[in-house]
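Asks: my questions concern the predicted model and sequence given below.
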Amino acid sequence: MNDPIEMESLVGEHVLDACDLFADDIKASWGDSFEHCELIRFRLDGKVYTGIESPDDGYRSSLRGLYVSDDAMKNVFPPVRVLAKMKGAETYQTNDTLQLIDMVTGKIVLEVGTDNTDDYYPWFVGCFFPDCMATNATTSQ
């Protein structure tokens, strides 16, 4: 596996057209053990990124890293223009999370990273909200 990329390098406008959420057994940083953890894979501007939950966290959870990969995507949908930004600090927590916001609806479509980073119990974020995309928005009459 190559080195992780800096999430901040993705800040700006992109086209999102695929997202897969799944779990897999990932090799721990030390030894020969594998741990079951969550992954989120998405495609921006034709490039595939995979966010992997750290398998070394035990009962805590955080993003191990965001990696460029050559993996094929399964859940492909019509392209959506998104604005990528880093999630800001909230009242009681700081975050290291990238958000992809649909530029038509203004709603969060995807999040990847670690929330509550300054606390004893941080957590991995790998969320996809397809109902927030303009292509899936329902119109009210």
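Replies: Yep, that arrived.
Asks: secondary structure class for residue 31?
Replies: Here residue 31 is recorded as coil under DSSP: H, G, I helix; E, B strand; the rest coil.
Asks: quick one: pLDDT of it?
Replies: Note for residue 31: predicted pLDDT of 72.
Asks: and the strands in the chain?
Replies: Counting by DSSP state E, the chain has strands at residues 12-27, 34-44, 47-53, 63-69, 76-86, 95-102, 108-115, 123-128.
Asks: out of these, nearest to residue 3?
Replies: Smallest distance to residue 3 across the strands of the chain (C-beta to C-beta): 7.9 Å, for strand 63-69. Heads up, the C-betas are built off the backbone N, CA and C, glycines and all.
Asks: just checking, what packs against that closest one?
Replies: Applying 3 or more C-beta pairs under 8 Å, 6 or more residues apart in numbering; DSSP states H and E, we find strand 63-69 packed against strand 47-53, strand 108-115.
Asks: would you mind giving those strands as a markdown table with mean neighbour count added?
Replies: Shown next, in a markdown table, are the helices and strands packed on strand 63-69 (neighbours: other C-beta atoms under 10 Å):
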| stretch | mean neighbour count |
| --- | --- |
| strand 47-53 | 20 |
| strand 108-115 | 23 |
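Asks: now the ones you listed as a markdown table including mean pLDDT and distance to residue 17?
Replies: Shown next, in a markdown table, are those (pLDDT from 0 to 100; distance: least, C-beta to C-beta, whole Å):
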| stretch | mean pLDDT | distance to residue 17 |
| --- | --- | --- |
| strand 47-53 | 94 | 11 |
| strand 108-115 | 91 | 11 |
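Asks: right, so of the ones you listed, which gets closest to residue 129?
Replies: strand 108-115 (5.6 Å).
Asks: list the contacts for the residue positioned nearest the centre of the chain?
Replies: Closest residue to the average C-alpha location of the chain: residue 112 at 2.5 Å, with C-alpha atoms, centre = their mean. Contacts for residue 112 (C-beta atoms under 8 Å, 6 or more residues apart in numbering) come out as 7, 40, 42, 49, 51, 63, 66, 97, 98, 125, 126, 127.
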